[in-house]
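A.B. asks: turn this into a structure:
(6 chains)
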There are 6 protein chains.
Amino acid sequence: MAELDDDAMERFPVPEFDALPADLQDRIDEETERAGFTPNVFAGFAYKPSHFRAFFDYYDAIVDDAALTREEIEMIIVAVSGVNHCYYCNVAHGALVRIYAEDPLLADQLVANYRTADISDRHRTMLDIAVALTERPASVTREDLDRLDEVGFSEEAIWDVGAVTALFNLSNRMAMFADMRPNAEFHTLGRDQE
Amino acid sequence: MAELDDDAMERFPVPEFDALPADLQDRIDEETERAGFTPNVFAGFAYKPSHFRAFFDYYDAIVDDAALTREEIEMIIVAVSGVNHCYYCNVAHGALVRIYAEDPLLADQLVANYRTADISDRHRTMLDIAVALTERPASVTREDLDRLDEVGFSEEAIWDVGAVTALFNLSNRMAMFADMRPNAEFHTLGRDQE
Amino acid sequence: MAELDDDAMERFPVPEFDALPADLQDRIDEETERAGFTPNVFAGFAYKPSHFRAFFDYYDAIVDDAALTREEIEMIIVAVSGVNHCYYCNVAHGALVRIYAEDPLLADQLVANYRTADISDRHRTMLDIAVALTERPASVTREDLDRLDEVGFSEEAIWDVGAVTALFNLSNRMAMFADMRPNAEFHTLGRDQE
Amino acid sequence: MAELDDDAMERFPVPEFDALPADLQDRIDEETERAGFTPNVFAGFAYKPSHFRAFFDYYDAIVDDAALTREEIEMIIVAVSGVNHCYYCNVAHGALVRIYAEDPLLADQLVANYRTADISDRHRTMLDIAVALTERPASVTREDLDRLDEVGFSEEAIWDVGAVTALFNLSNRMAMFADMRPNAEFHTLGRDQE
Amino acid sequence: MAELDDDAMERFPVPEFDALPADLQDRIDEETERAGFTPNVFAGFAYKPSHFRAFFDYYDAIVDDAALTREEIEMIIVAVSGVNHCYYCNVAHGALVRIYAEDPLLADQLVANYRTADISDRHRTMLDIAVALTERPASVTREDLDRLDEVGFSEEAIWDVGAVTALFNLSNRMAMFADMRPNAEFHTLGRDQE
Amino acid sequence: MAELDDDAMERFPVPEFDALPADLQDRIDEETERAGFTPNVFAGFAYKPSHFRAFFDYYDAIVDDAALTREEIEMIIVAVSGVNHCYYCNVAHGALVRIYAEDPLLADQLVANYRTADISDRHRTMLDIAVALTERPASVTREDLDRLDEVGFSEEAIWDVGAVTALFNLSNRMAMFADMRPNAEFHTLGRDQE
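C.D. replies: Now for the predicted structure:
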């Protein structure tokens, strides 16, 4: 059975697993089984079960009903988290980028500066828009969306670029506000690929 | 029966109401009855039903399970939307601020500069933190949360200050990315109070 | 006879109307007759009569000897005040935009983000330059003035785009420094157009 | 008789002195006699006589009816122009700072970074507020005005700190928009003091 | 014998090892022996031998004649590189932080946001000043140096905080301008500590 | 024999000349003979002899082994120092710009805003890149280097544009951290050219 790390976040108490509603316990057990450990973001959002459900349902919608590949989604997440300076998301989603892109170096590139990443022009454009929407949303115009169209993103995929970026502008702020701490495992996951 | 305004957003097509899944139709009917018109954010998110559900479920969680008053929630939303320069949220949630705070002027103050608003010191501190988390999340520290504690916010209410701020950093970006347009009604709602 | 609102500004005392020099009384009476109330900016600048005269003479020169239409002048003012976050000018000149442009929604668009406003490409270019001169004056180059020429502004009109922008970078700062408060009437003026 | 330098500004034509209205000719003659040359700002604003009158009347009001010393006024002007990166005002008002403060080095300090200037704590506070009102006017609060009070500025002098700052946020933008060029004389005036 | 990676930087050619001056060959051999591979920064600076010598001599001076511990030096480097978004230095000096601090997680914390790092208050103050000097050098005042004194840094150590920060504002810009690429080894070095 | 000015910097003590290592004495004597006075940067760096050697060796490498002219090097230095707001470098290298460019006005232009300087398009491009690398290094891309190539800079000269910029991002920060003060002589040197 899963156990929640008391040190999963610094600024709010982590509840006892046993005291959680059954649906949260189930979700956490499922994630724990999949990952081999309980990612601390589950311990963090468990502080408030209604928010736990809302956050992970949103994340599931973004990931499960997507016109982007999972690799593209995780690339956007890490580029956004890099410019927002989010420790939790840099590290946890950095691991996912390494795994989904099958590239041990890409996450460190995206955290530092997506413009230095070894990626296609198409993905470079995708990250240009995601970072612009993160840093200066008032300046994003129809021309930016047209650029995505020109490099081959479908209309729905363009919506999804905005949606992933928007969700991680939420997620980064929750993780930073609560000072969530990535599990030690995430720092090394996916680094030993050939 | 509700009808969705084709001009509800500029950068993605608005679907036909009849073509929406039943649960979306129900939610939209309910909102339309309550407001007397269909707020365009429902037309906008209807573009992608899975995201519609995720977004409004999150919003419901924030509003329905809150250690903040509804007035406080809407104040945070408008102050955040003002610094993010979000036209839709300034206007639509500006109307809600006028209604929940029973103050016809407060929304225009918060949109311009929350530091000029006629509010208590307690609420000024609340908005200091919400705006800091919006504009420069990497610099928010435990001391900022302690300031909220000192002016009387409970631990859960502090979490909620972060959560409302985070959700509207998502919401502002979706509305700005899709260029959602507030219904004309929102511009004047709640302005004629004594 | 006009009366000055004691609460017209927060950080300096508002003088008695009777104690003002005759030319200020005349100007204030004239404005009061025209508007039906005394705009608080007159009460604010009355604090120092020499500055009152200088400010309103400058404003008169800008408005009365202009190669721009009054609608264009007020559009620039509200776009500039929006990025400077000036509560007084957003609201008072927002009312003037609604009236001169005969558009009940335009002011809220310009306050939020001029890029979302329903305006011509020509006016979009005009506001691009006005906002650039406001936010990052060192980066405005001859190419920016050429853009205005290309969309049909005369040489004098180009000068005036700069002049209106410059004056409201003064005006915003005086209103914000003194914390001038817009009259309640301005919040609703011009909102009930068809 | 004065002559206007064709190269006084780069982006608008400089009119012929003879073609100017008599009051502008008189004012320019007077300034030319006083300075020994015609400062190019007079040639620049002569492009539009109504703006010429408005600008120099405002400047006269600021300088002639002031609760600040002339030295203080020029210090504010150069500190503001330094952060706005205004070539004309840095150089022309830099000369005036050297003369009024009887200090050959002060202008170069203020242009670079007012925090490095050899000035009293009282003047340091004055420039803190002037630069804050220039760079981030929305964040200036009553506490900033109180700081000026605490170091001995009268209420009217506090108003004047705001007014000088505001006028040069106009002036800098006019000079930068038109690309006004300081007369060669200004670069060296007041540098040879002991 | 060392070999230089052709892909050590993206924007300038990497010279042949054999064609380098003897002193550069010696230095590179020495580093290669120590590290087990040739760090790409040596391949990068080898483009211009006079700059190679100048850079590594400066680095040696900073490291070898320091009133700071090597751990402190590397902490400053990674915090500075994080805010400058330097891919090479984040990764290469991130490895050195892990090794010298004997902490497998600290580098990822410093890259993301030094305010989230698990460090002493003394080191937090050190990084506050280093990051301020990086991001907004004009605002660093004597009070900032006094803060370092108060938490126990000697006068020479305070100088060194400035010197390390300054050198990596050079180093980051060279690595970013040339687009230097960290060796794959650096990404994992020091991650497997207990 | 040279004497070091006790007031050469504000925040660290200036050592006695006699107490310095012989190589520092020699270098200082040489500079003093050349300039007719001892530039205060030598007094400043003398605080720590190992850093003195490293800094001036780097500067010598930049100046002596350059694919740029000395005039170009000093133009970059002053443009960079202007945007960094470095009092010492603005004034000391401002004098060098006046001398090497044989132009009494250029330094004041570059300090204020390099975009207003009377320079060729080629040099304008050079300073565009130098200032971009200073203010927002993460956004400098290969396209920026290509722009330098297009206006005629050789590959090595492009490297040098980066190298001079990088060194003065170090130098500005050392001068600002220690609050080094330019010698009075620098303020007027080279101003009396025809």
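A.B. asks: could you tell me which residues of chain A lie near chain F?
C.D. replies: Applying CB under 8 Å from any CB of the partner chain, we find that chain A lies next to chain F at A:113, A:115. (C-beta placed from N, C-alpha, C; glycine too.)
A.B. asks: for chain A, which helix is longest?
C.D. replies: Counting residues, the longest helix found in chain A (DSSP state H) is helix A:155-178.
A.B. asks: I figured residue A:75 hits residue A:124, correct?
C.D. replies: No: between residue A:75 and residue A:124 there is no contact under CB atoms under 8 Å: 10.3 Å.
A.B. asks: which of these two has more neighbours?
C.D. replies: residue A:75 (29 against 14; other CB atoms under 10 Å in any protein chain shown).
A.B. asks: so which strand or helix has the most centrally placed residue in chain A?
C.D. replies: Nearest to the geometric centre of chain A sits residue A:77, at 4.5 Å (CA atoms, centre = their mean). Per DSSP states H and E, residue A:77 falls inside helix A:70-84.
A.B. asks: list the contacts for the residue in chain A that chain F sits nearest to?
C.D. replies: Closest residue of chain A to chain F, CB to the nearest CB: residue A:113 (4.7 Å). Applying CB atoms under 8 Å, 6 or more residues apart in numbering or on different chains to residue A:113 gives the contacts A:82, E:85, E:86, E:87, E:176, F:138.
A.B. asks: show me where chain A has helices.
C.D. replies: Under DSSP H, chain A gives helices at A:22-35, A:40-45, A:49-64, A:70-84, A:87-100, A:106-112, A:121-135, A:142-150, A:155-178, A:184-188.
A.B. asks: pull the number of nearby residues for residue A:149.
C.D. replies: 12.
A.B. asks: isn't it right up against residue A:159?
C.D. replies: No: counting by CB under 8 Å, residue A:149 stays clear of residue A:159, with 11.7 Å between them.
A.B. asks: for chain C, what are the nearby residues on chain A?
C.D. replies: So chain A meets chain C at A:138, A:139, A:141 (CB under 8 Å from any CB).
A.B. asks: can I get those residues in JSON lines including pLDDT?
C.D. replies: Below are the residues of chain A next to chain C laid out as JSON lines (pLDDT from 0 to 100):
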{"residue": "A:138", "pLDDT": "98"}
{"residue": "A:139", "pLDDT": "97"}
{"residue": "A:141", "pLDDT": "97"}
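A.B. asks: how about residue A:190, nearest residue that isn't a chain neighbour?
C.D. replies: Leaving out its chain neighbours, the residue that sits closest to residue A:190 by CB to CB, 6 or more residues apart in numbering or on different chains is residue A:98, at 3.1 Å.
A.B. asks: tally of neighbours for the one you found?
C.D. replies: Residue A:98 has 25 nearby residues by other CB under 10 Å.
A.B. asks: contacting residues for it?
C.D. replies: Counted by CB under 8 Å, 6+ apart, residue A:98 has contacts A:104, A:106, A:107, A:189, A:190, A:191, A:193.
A.B. asks: how about a cut-off of 7 Å?
C.D. replies: Contacts for residue A:98 (CB atoms under 7 Å, 6 or more residues apart in numbering or on different chains) come out as A:104, A:106, A:107, A:189, A:190, A:191.
A.B. asks: max pairwise distance over those: which two?
C.D. replies: For these, the maximum inter-member distance is 13.2 Å, found between A:106 and A:189 (CB to CB).
A.B. asks: neighbour count: these two, which is higher?
C.D. replies: It is residue A:106, of residue A:106 and residue A:189, that has more neighbours when counted by other CB under 10 Å, with 23 against 19.
A.B. asks: surely that one touches residue A:116?
C.D. replies: No: counting by CB atoms under 7 Å, residue A:106 sits too far from residue A:116 to count as a contact (10.6 Å).
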